[in-house]
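>>> Generate coordinates for the sequence data below:
(4 chains)
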Protein chains: 2
Amino acid sequence: MQMYATSRAQPDLQPIDRRPAQDWGELNVLGVARAFGRDQEIYAEGDKVDGLFKVASGAVRIVRLLRDGRRQVLDFYVPGDIFGVELGDVRGAAAEALVDTTLIVVRGSALAADPATGGRLTRCALRCLQRSQAHLVTLGRRTAAEKVARFLIDLADRTGGADDLALPMSRQDIADFLGLTIETVSRTFSQLQAQGLIAVAGCRAVVLRRRAALAAMCE
Amino acid sequence: MQMYATSRAQPDLQPIDRRPAQDWGELNVLGVARAFGRDQEIYAEGDKVDGLFKVASGAVRIVRLLRDGRRQVLDFYVPGDIFGVELGDVRGAAAEALVDTTLIVVRGSALAADPATGGRLTRCALRCLQRSQAHLVTLGRRTAAEKVARFLIDLADRTGGADDLALPMSRQDIADFLGLTIETVSRTFSQLQAQGLIAVAGCRAVVLRRRAALAAMCE
DNA sequence: CGGGCGGTTGAGGTCAATCAATCAGAGTGG
DNA sequence: CCACTCTGATTGATTGACCTCAACCGCCCG
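A predicted model of the protein is given here:
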């Protein structure tokens, strides 16, 4: 079993929000910006729920840990995404910055005061649900290669859509997201590269060479 | 690859809602009751989204199908549960009755007319999200035995909490829910029985003999 | 230059999938 | 009432995808 660091300063990877405003633009007004260092905890499992977050720059992982150390990454969030909406008043999973990250932090009180919150909160929850359910299919019924392909396509779609992709997360994070081991993720990257579908340029950069073929691998 | 039936009359298994009212009791007023036969489709993937459903009796599965026939059951719903809330206006998954089932069907227009809808809709979405994310951990990081144990404990908790359990779903449904094959599910049932943790009485009935031990298997 | 960390690669093992046979129960029809 | 069939479940034998264990590599940093 390996350990998971939870704080160390590192250079940033994704400085700006390149995506079309994902509605709810005035979150920037309701909340305040706050910076987090690489691997810094944003909230922990068990923390009291208060408000939500929008990624301004950087990236975030949501993590659940089992007692014996097994780890599942529930989702990654990139600039423009909103996260932290939960049922009940206790966090069911932790949030951690993948790289140096800036968040718009919106307290529950500020949300409650804003009349436009209601429907948007529902939409936000439903978007999370949609992603979560799509991921259920990936975890339950796809092969390692399909999982990795889907991960890459999804991340590319969500970060500007360009074919060259900066990965803010480690192989371990990807493995824990896809329900694989770090070795299998690594091997799958190599295999996809051998097939000419991607080009791996250093372990944090990937170029999607044949995006259509990759997309075809996952339904 | 096997086929999945979509209609045939069969006796009912769970005639009444035994759970504490899951808030939103007045859905019974907003909507109308409608009966569905075993394996009957409630809505299909691609259908237009209109309103939501509450299970009055019976049970429901939510299903996504991949082109090549692989199937993932996203969730099961039992009496008292609300389902059918989705982002966008197109169904991303199908809903089917597991057994003869009665639903309270609430049209979107009726919902929109009711002022209390807002927060409840959000809570409903968040409850689904919570279940979905818990299931991600199960699919990504648990063994077959742990998956089955968790499935049984969860179902028992949601249907009155008694130790003897009527399964409204087939082995295939369970397999597609847990990301396993029907054979593995069957073997795991046998194995749990051999360990004295459960007693299998016909393929649609299980008794949880050592519930604490079962619960301990899944975190 | 040495050490540490994250990633890659290789060899071998294991758990669940696959392939296949048998079984049990519910209908069906003679 | 008893064959006969059909469907779903169980069990067995074998395979294979992914995991585990281990070595190695490349890079950064002191």
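>>> which strands and helices sit next to the longest helix anywhere in chain A?
Secondary structure of chain A per DSSP state H: the longest helix is helix A:117-141. With contacts taken as 3 or more CB pairs under 8 Å, 6 or more residues apart in numbering or on different chains; DSSP states H and E, helix A:117-141 sits against strand A:71-77, helix A:144-158, strand B:71-77, helix B:117-141, helix B:171-178. Quick note: C-beta positions are derived from backbone N, CA and C, even for glycine.
>>> if you set the cut-off to 6 Å instead, what comes out?
Where contact means 3 or more CB pairs under 6 Å, 6 or more residues apart in numbering or on different chains; DSSP states H and E, helix A:117-141 is packed against strand B:71-77, helix B:117-141.
>>> do the longest one and DNA strand D meet?
Read that as helix B:117-141. No. Counting by CB under 7 Å from any atom of the strand, DNA strand D has no neighbours in helix B:117-141; the shortest distance is 8.9 Å.
>>> measure A:Pro79 to B:Val60 for me?
Separation of A:Pro79 from B:Val60 (CB to CB, to the nearest Å) stands at 38 Å.
>>> Doesn't A:Val185 belong to a helix?
Yes. Under the criterion used here (DSSP: H, G, I helix; E, B strand; the rest coil), A:Val185 sits inside a helix.
>>> ok, now how distant is it from A:Lys48?
34 Å.
>>> Which of those two has more residues huddled nearby?
A:Val185 (23 against 9; other CB atoms under 10 Å in any protein chain shown).
>>> what does stretch A:75-85 contact?
Residues outside stretch A:75-85 that contact it (CB atoms under 6 Å, 6 or more residues apart in numbering or on different chains) are A:17, A:19, A:22, A:52-55, A:57, A:59-62, A:124-125, A:158-159.
>>> Out of the residues you listed, which sit inside strands?
When DSSP state E is applied, the contacts of stretch A:75-85 are split such that A:52-55, A:57, A:60-62 fall in strands.
>>> Find the residue closest to A:Leu87 in space, skipping its chain neighbours.
Once flanking residues are discounted, A:Leu87 sits nearest to B:Leu126: 3.7 Å by CB to CB, 6 or more residues apart in numbering or on different chains.
>>> Show me what the residue positioned nearest the centre of chain A is bridged to.
Of all residues in chain A, the one closest to the mean position by CA atoms, centre = their mean is A:Phe76, 0.9 Å from it. Beta-bridge pairing of A:Phe76 under DSSP bridges involves A:Arg61.
>>> Any figure for the gap between it and chain B?
Distance of A:Phe76 to chain B, given as CB to the nearest CB, to the nearest Å: 13 Å.
>>> so A:Lys54 sits right up against A:Thr102, yeah?
No. Between A:Lys54 and A:Thr102 there is no contact under CB atoms under 6 Å: 9.8 Å.
>>> rewinding a little: tell me which of the helices and strands packed on helix A:117-141 lies nearest to A:Glu26.
helix B:117-141 (18.4 Å; CB to CB).
>>> Buried residues, that closest one. List them.
Buried positions in helix B:117-141, judged by neighbour count with 16 or more other CB atoms under 10 Å in any protein chain shown: B:117, B:120-141.
>>> Kindly report the same for stretch A:200-208.
Within stretch A:200-208, the residues that count as buried by 16+ other CB under 10 Å are A:206, A:208.
>>> looking only at pLDDT, what's the mean for that stretch?
Stretch A:200-208 carries an average pLDDT of 95.
>>> ok, and does it reach over to DNA strand C?
Yes. Contact between stretch A:200-208 and DNA strand C, assessed by CB under 7 Å from any atom of the strand, occurs at A:200, A:203-204.
>>> what's in contact with that stretch?
So stretch A:200-208 is contacted by A:156, A:163-167, A:189, A:193, A:198-199 (CB under 6 Å, 6+ apart).
>>> For the helix or strand of chain A with the lowest mean pLDDT, what is the distance to the chain centroid?
Counting by mean pLDDT, DSSP states H and E, the weakest-scoring helix or strand in chain A turns out to be helix A:27-30, with a mean of 88. The chain centroid and the centroid of helix A:27-30 are separated by 21 Å under CA atoms, centre = their mean, to the nearest Å.
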